[in-house]
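Peer 1: any chance you can model this:
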Amino acid sequence: MKDTDKNVELILESYERYDLTKRIGEDHIVSRDILIQLVKELRKLLFPGYFDNKKIKKDYVKYYIGEKLEYIEYTLLKQVERALKNDCAEGDASAKAEEIVEAFIGKIPSIRDYLYTDIQAAYDGDPAAYSTDEIIFCYPGVFAISVYRIAHELWLLGVPMIPRIISEYAHNLTGIDIHPGATIGKYFFIDHGTGIVIGETTVIGEHVKIYQGVTLGGLSTRKGQQLKGVKRHPTIGDNVTIYSNTSILGGETIIGNDVVIGGNAFIIRSIPEGMKVNIRNPQLEYSVDKKYADGFLDYNI
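Peer 2: Residues are numbered from 1 along each chain as shown. As a prediction, the model looks like this:
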């Protein structure tokens, strides 16, 4: 018990030393767990019938929507209000939170419009897909994009912290890191997806397809906070395909329409529209252990 008492005192002392890592006695900290549950409920509304435990009867769809919206509005309002209290007085935070949540709810049909195109792009672009149901249930890219579409609308409405918590939830599950501040057009398809990074100021057009390991990032972040608000990430045009493990960096880098970029490219300057960019194939060098040499006499190396 003596050791326990001593350790308690040491931890308390560390709390006093490092204010940056504590929020004791404050009620304006958002809940990550509640926000994750909120995303799950929003996805049920965006994809009705897919992620519910019970069958949704057609005659009761209107009531189903009403029930979901009531939960979403109440829960999101509380979390947004908490996030805003760092910057606003309590009364101002409450009024602003109500405006934000009302505006967000009005965006749900638009989010569904975009997701329809994303799912269609995934189906059209992947011969391994046998149905759109399979895509909605199984594709990590579609999951990451759907969460991004939610987080992006909250980002546009000026909600602090919450869009990042939501997007990091998808990042943690899929390995796909899409900053909620990025601007992404319709018919966006992520194939496979693991290791993809899309930075805050990235702009992506329509009918864009990217593969695993692609980075749309900043060229340098040495200036840190001085770069806040500066365009640091590339702009990708329409009808662009970017193959695996390619890095495209820099806020002044513009990839034109109808460009195809092969795998493993490292690009820090703009590419005109209609171009195809490929890395030259590396030359393979073969060597054979002496004890296996006879078996390779007829092998064309």
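Peer 1: please count neighbours and contacts with C-alpha atoms only from this point.
Peer 2: OK.
Peer 1: any idea which helix or strand carries the closest residue to Ile29 other than its chain neighbours?
Peer 2: Leaving aside its chain neighbours, Ile29 sits nearest to Arg82 (5.9 Å; criterion: Cα to Cα, 6 or more residues apart in numbering). Arg82 is part of helix 61-84, with elements assigned from DSSP states H and E.
Peer 1: run through who's touching that helix.
Peer 2: 27-31, 34-35, 38, 41-42, 45, 56, 93-94, 96-98, 101-102, 105, 159-162 (Cα atoms under 8 Å, 6 or more residues apart in numbering).
Peer 1: of those, just the buried ones, PyMOL syntax please.
Peer 2: Entered in PyMOL, the line below selects the buried ones among these, by 16 or more other Cα atoms under 10 Å:
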select buried, resi 28+29+30+35+38+41+42+45+93+94+96+97+98+101+159+160+162
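Peer 1: now the strands for the stretch 101-250 of the chain?
Peer 2: 177-178, 183-184, 189-191, 197-198, 203-204, 209-211, 215-217, 235-236, 241-242, 247-249 (DSSP state E, counting those that start in this stretch).
Peer 1: what would the ones you listed look like in JSON lines with mean neighbour count?
Peer 2: What follows is the strands of the stretch 101-250 of the chain, written out as JSON lines (neighbours: other Cα atoms under 10 Å):
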{"stretch": "strand 177-178", "mean neighbour count": "25"}
{"stretch": "strand 183-184", "mean neighbour count": "20"}
{"stretch": "strand 189-191", "mean neighbour count": "24"}
{"stretch": "strand 197-198", "mean neighbour count": "22"}
{"stretch": "strand 203-204", "mean neighbour count": "22"}
{"stretch": "strand 209-211", "mean neighbour count": "22"}
{"stretch": "strand 215-217", "mean neighbour count": "25"}
{"stretch": "strand 235-236", "mean neighbour count": "25"}
{"stretch": "strand 241-242", "mean neighbour count": "23"}
{"stretch": "strand 247-249", "mean neighbour count": "25"}
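Peer 1: redo these as TSV? Include mean pLDDT and distance to Val288.
Peer 2: Below are those laid out as TSV (pLDDT from 0 to 100; distance: least, Cα to Cα, whole Å):
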stretch	mean pLDDT	distance to Val288
strand 177-178	98	42
strand 183-184	98	50
strand 189-191	98	37
strand 197-198	98	40
strand 203-204	98	48
strand 209-211	98	35
strand 215-217	97	37
strand 235-236	98	45
strand 241-242	98	36
strand 247-249	98	35
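Peer 1: need these in CSV with distance to Phe143, can you?
Peer 2: Below are the strands of the stretch 101-250 of the chain laid out as CSV (distance: least, Cα to Cα, whole Å):
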stretch, distance to Phe143
strand 177-178, 11
strand 183-184, 15
strand 189-191, 10
strand 197-198, 15
strand 203-204, 18
strand 209-211, 15
strand 215-217, 19
strand 235-236, 22
strand 241-242, 20
strand 247-249, 23
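Peer 1: which of those sits closest to Ile255?
Peer 2: Using Cα to Cα as the measure, strand 235-236 is the one of the strands of the stretch 101-250 of the chain that comes nearest Ile255, at 4.8 Å.
Peer 1: tell me which strands that closest one pairs with, and in which orientation.
Peer 2: Paired neighbours of strand 235-236 in the sheet (DSSP bridges): strand 203-204 (parallel), strand 254-255 (parallel).
Peer 1: if we can go back for a sec, next one: the helix holding Arg82 to chain centre, how far?
Peer 2: 22 Å (Cα atoms, centre = their mean, to the nearest Å).
Peer 1: mind listing what's buried in that helix?
Peer 2: Here helix 61-84 shows 69, 72-73, 75-84 as buried, counting by 16+ other Cα under 10 Å.
Peer 1: could I get the strands paired with strand 235-236 as TSV with distance to Gln226?
Peer 2: Below are these laid out as TSV (distance: least, Cα to Cα, whole Å):
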stretch	distance to Gln226
strand 203-204	21
strand 254-255	23
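Peer 1: so how far is the helix or strand bottoming out on mean pLDDT in the chain off the chain centroid?
Peer 2: Sorting the helices and strands of the chain by mean pLDDT, DSSP states H and E puts helix 2-17 at the bottom, at a mean of 90. In terms of Cα atoms, centre = their mean, the centre of helix 2-17 is found 39 Å from the chain centre.
Peer 1: ok, and what's touching the next helix-or-strand element following that helix?
Peer 2: Next helix or strand after helix 2-17 toward the C-terminus (DSSP H and E): helix 32-46. For helix 32-46, contacts defined as Cα under 8 Å, 6+ apart pick out 50-52, 65, 68, 72, 75-76, 79, 108, 111-112, 146-147, 162, 165-166, 169.
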